[in-house]
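Engineer: Sequence and computational prediction follow.
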Amino acid sequence: MRYMGKEFTGRGVTIAIVDSGIDISHPALAGVEIAGLSITMGSTRNALLGADFHDENGHGTKIAIAVHRLAPDAKLLAVKIMGDRLRTTADLMAAGIEISASQGARVINLSLGTPNMGKALLLRDTSANAVEQGAIVLAAAHPKGERAYPADLPETVGVSSHPDCPLDKVFYFNPNRFSRKEWGVLSDKFLAHGYSAGPDGRRGKYRGSGLATAHLSGMTACLVQALADKSAPEIIKVLQRTALVPIPEIGYA
């Protein structure tokens, strides 16, 4: 990523991918420094940590590849909270955020979310604690514009997507610029490219806000490298300034 006339690759930055794990044998991740762990919930509702973070579904690996393309020198931390059926809970998401921050991740990617408002406070507390430790939490917004947590929390960077959003463009929806009827559910969210990479490196299948979150996580890691002495809120403000602010007429509102 180019910023202030220099190229940044995420070197020295750890990106946590809270998902289904990572397949470290995937050729697209050859040579990448990858660590990881798994989290399950015990019978007494306490988080149990394990060493096996192998991806049983492939989703987390796709996210990791997308992140790696934007931040090729960043270290990846796989935090596995889902198995082959891609089912998890808000409690595991919260544990994933907490563990990621404690492991030194400066960028925490959740290409998932929950509509459960009853768990919003839990996710907000863990996200706020992560921010205090210097991490930036990025989460996928609901693909149909409905509520989703932690993407809709003020402590996180919520990411949506649109089929026409190009890879090299990121839009930021500033509610101070539009009336409620114009910005709808996209207030305070970023709009980013949501396509996976095809076999020839070109645009592959459209996967929406999940892949968009991964792309923005990679860009954020590059900004963290460039602004190593800045806090998480300060870096988010820079991200907002570097993004484009669309007008409702382009169709994204």
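Structural biologist: On my side now, so go ahead.
Engineer: Mind naming the longest strand for this protein?
Structural biologist: Identified as the longest strand of the chain according to DSSP state E is strand 34-41.
Engineer: separation between the closest residue to Gly113 other than its chain neighbours and Gly210?
Structural biologist: Nearest residue to Gly113, sequence neighbours excluded (Cβ to Cβ, 6 or more residues apart in numbering): Ala148, at 3.7 Å. Glycine gets a C-beta too; all of them are placed from N, C-alpha and C. The gap separating Ala148 from Gly210 is 11 Å, by Cβ to Cβ, to the nearest Å.
Engineer: Please apply the same query to Val224.
Structural biologist: As judged by Cβ to Cβ, Val224 and Gly210 stand 21 Å apart.
Engineer: where do the helices sit along the stretch 1-150 of the chain?
Structural biologist: Counting by DSSP state H, counting those that start in this stretch, the stretch 1-150 of the chain has helices at residues 59-70, 90-102, 120-132.
Engineer: Out of these, which is the most enclosed?
Structural biologist: helix 59-70 (a mean of 25; mean count of other Cβ atoms under 10 Å).
Engineer: Does anything pack onto it? Which helices or strands?
Structural biologist: strand 14-19, strand 75-80, strand 195-197, helix 209-226 (3 or more Cβ pairs under 8 Å, 6 or more residues apart in numbering; DSSP states H and E).
Engineer: neighbours of Arg202, just the number please.
Structural biologist: Neighbourhood size, Arg202 [other Cβ atoms under 10 Å]: 8.
Engineer: I'd like the distance between it and Lys80.
Structural biologist: For Arg202, the distance to Lys80 equals 30 Å [Cβ to Cβ].
Engineer: How about Leu211?
Structural biologist: 19 Å.
Engineer: residues touching the residue most central in space within the chain, list them.
Structural biologist: Centroid-nearest residue in the chain: Asn109, 3.0 Å away (criterion: Cα atoms, centre = their mean). Shown in contact with Asn109 (Cβ atoms under 8 Å, 6 or more residues apart in numbering): 15-19, 63, 67, 138, 213-214, 217.
Engineer: change it to 6 Å
Structural biologist: 17, 138, 217 (Cβ atoms under 6 Å, 6 or more residues apart in numbering).
Engineer: ditto for Ala128
Structural biologist: Shown in contact with Ala128 (Cβ under 6 Å, 6+ apart): Glu155.
Engineer: where are the low-confidence patches of the stretch 1-150 of the chain?
Structural biologist: Along the stretch 1-150 of the chain, no part satisfies pLDDT under 70.
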